[in-house]
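>>> Sequence and predicted structure below; questions after.
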Protein chains: 2
Amino acid sequence: MKNFLTELSKLDLAKKWIHEAGEFLKAHMNEPLEISEKTRFDDLVTNFDLTVQKQLVAQISKHFPADKILAEEDEDGQKVRFSKEIAHLWLIDPIDGTTNFIAQRDNFAIMLAYYEHGKGKFGLIFDVMNDNLYWCDDENAYRNETQLNVPNIDLQHSLLGVNAYMYRTNKAGLLDLSQHSLGVRVTGSAGISYTQILDGKLIAYFSNLQPWDYAAGTIISEKLGYVTRNLSGTQPSFDGREEVYTAPAKLLPEIQKYIKMT
Amino acid sequence: MKNFLTELSKLDLAKKWIHEAGEFLKAHMNEPLEISEKTRFDDLVTNFDLTVQKQLVAQISKHFPADKILAEEDEDGQKVRFSKEIAHLWLIDPIDGTTNFIAQRDNFAIMLAYYEHGKGKFGLIFDVMNDNLYWCDDENAYRNETQLNVPNIDLQHSLLGVNAYMYRTNKAGLLDLSQHSLGVRVTGSAGISYTQILDGKLIAYFSNLQPWDYAAGTIISEKLGYVTRNLSGTQPSFDGREEVYTAPAKLLPEIQKYIKMT
């Protein structure tokens, strides 16, 4: 019973922290941005990514000093590695969709995911500009206080969220798959794409992602019958960038007719 | 003076009608859809497209019986042809982004454009689910009651709205151009893409469009210094489907380094 209460409390705290981080962004986002390039001119980080990450890390460390944290904006050499050996692990994406944040001040998300010995316990995706928090407990998925429902799964009458590069190069057959759907949409944010899956607006999402990009979305969408796979059809490694997709488990046979590593 | 008052009144009526059409859609959109294929399985029309068009046509015909109407869902043979000879011409797109309407019940728009002797007098784009009406008078562009501003124009720090097919086939150099921007976004609705231009979230939009898809967006965005061109760099014909783009006039020299019909 004690453990159950602790876990609830962690989730409630995480909701509070992510809301506070969103309020911070809204209050300050029209101040001048400091933008830095990470790997190339379109791989960007801002002072706001760094500040939000610091705020979230500080809260976790203060309340749960023994917990480990894997955060997007840490230097690679300093990053904790995902492992089942870790009893309490948080993944943080302070601003998912940084390019959208810079160019649009919209269509970005803050994400938190929490694991115990490699098992996802809860995830949170905060669509800041729409003020919608997507989250889950052990059993159900929610948008704010509304419980979300298992979607209809019919590829031919649904849309796919895709990474533009994977789509145009027909990576692993993604273009072929898309031609059996109503088409593709490109939002530029994994977090926003996951919210569209959770709202039933996309049937699946394909992209080239880091663990903090897909962790929260994977945990939440599992409550609605979704699974996350790499292009070989197995579990993602949670170790570095990887091409993955999230789709209804019942749709895997149809998807795997097209999506195959060659 | 009389003519000026008449024109104001037309715009005010158009705003009223488009709001009523949006309210109708919101009130009824969760009733069962009747979906028909037009040219292929992913070119769709619903009973709601037809009903909204009928409502708008009825209002225009009642108040301005001499005005001509070019509406998306008319049979091709019955369609009025765009012409400078027509003194008073309305273009109607009852639901732009019908696929989004079907698959998402979001990310669609109702559009109206009004021309006198071939000159755009006003346009309206109603993003129904966000309750945002984009419109213009003779001088300025607005989102609801907020006047919109001329955007920053800097391709390298901006996003492009694109048609997925034109992007992946590098039509007229679109992929090359995109690689000098922060990337592409695909929304599946011309109307929603134009709202993102007007909000400064996209710097330009490229797609394969019918006149009712680009008319309102063209008229409104001109107030912010945008122009609409076909891939040869000339005015679109307003006669049938055409690959066009809308971009800041000042950015044309940079865009036309890449976008060329071959």
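Yep, it's here. Values in this document were obtained by computation on a predicted structure and should not be read as measured data.
>>> Could you use CA atoms for every contact and neighbour count after this?
OK.
>>> Do me a favour and get the end-to-end distance for stretch A:246-254?
Length of stretch A:246-254, first residue to last, Cα to Cα, to the nearest Å: 14 Å.
>>> Correction: the previous question concerned stretch A:127-143.
Terminal residues of stretch A:127-143 lie 10 Å apart, using Cα to Cα.
>>> List the buried residues of that stretch.
Within stretch A:127-143, the residues that count as buried by 16 or more other Cα atoms under 10 Å in any protein chain shown are A:127-128, A:132-137, A:141-143.
>>> With distance to A:Ile153, pLDDT and secondary structure as extra columns, can I get these in a markdown table?
Putting the buried residues of stretch A:127-143 into a markdown table (distance: Cα to Cα, whole Å; pLDDT from 0 to 100; DSSP: H, G, I helix; E, B strand; the rest coil) gives the following:
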| residue | distance to A:Ile153 | pLDDT | secondary structure |
| --- | --- | --- | --- |
| A:Asp127 | 24 | 98 | strand |
| A:Val128 | 28 | 98 | coil |
| A:Asn132 | 24 | 98 | strand |
| A:Leu133 | 24 | 98 | strand |
| A:Tyr134 | 20 | 98 | strand |
| A:Trp135 | 21 | 98 | strand |
| A:Cys136 | 21 | 98 | strand |
| A:Asp137 | 23 | 95 | coil |
| A:Ala141 | 17 | 98 | strand |
| A:Tyr142 | 19 | 98 | strand |
| A:Arg143 | 20 | 98 | strand |
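>>> And the furthest pair within those?
Across the buried residues of stretch A:127-143, the longest distance by Cα to Cα is 20.4 Å; it joins A:Val128 and A:Asp137.
>>> Which strands or helices does the helix ranked longest in chain A pack on?
Assignment by DSSP state H gives helix A:2-28 as the longest helix of chain A. The contact analysis (3 or more Cα pairs under 8 Å, 6 or more residues apart in numbering or on different chains; DSSP states H and E) places helix A:2-28 against helix A:47-63, strand A:109-116, strand A:119-127.
>>> Describe which strands the shortest one pairs with in its sheet and in which direction.
Based on DSSP bridges, the strands next to strand A:109-116 in the sheet, each with its direction, are strand A:89-96 (antiparallel), strand A:119-127 (antiparallel).
>>> and the ones you listed, which is most packed in?
Counting by mean count of other Cα atoms under 10 Å in any protein chain shown, strand A:89-96 has the highest mean neighbour count of these, with a mean of 27.
>>> what angle do that strand and helix A:47-63 make?
160 degrees (axes from the mean of the first three to the mean of the last three Cα atoms, to 10 degrees).
>>> Next one: A:Pro32 relative to chain B, how far apart?
Per Cα to the nearest Cα, to the nearest Å, A:Pro32 is found 14 Å from chain B.
>>> Let me know the secondary structure of that residue.
With DSSP: H, G, I helix; E, B strand; the rest coil as the basis, A:Pro32 sits in coil.
>>> Buried ones in the longest helix of chain A, by neighbour count?
Those would be A:7, A:10-11, A:14-15, A:17-19, A:21-22, A:25, for helix A:2-28 by 16+ other Cα under 10 Å.
>>> ditto for stretch A:181-197
By 16+ other Cα under 10 Å, the buried positions in stretch A:181-197 come out as A:181-197.
>>> does chain B sit close to that stretch?
Yes. Stretch A:181-197 comes into contact with chain B (Cα under 8 Å from any Cα of the partner chain), by way of A:182-188.
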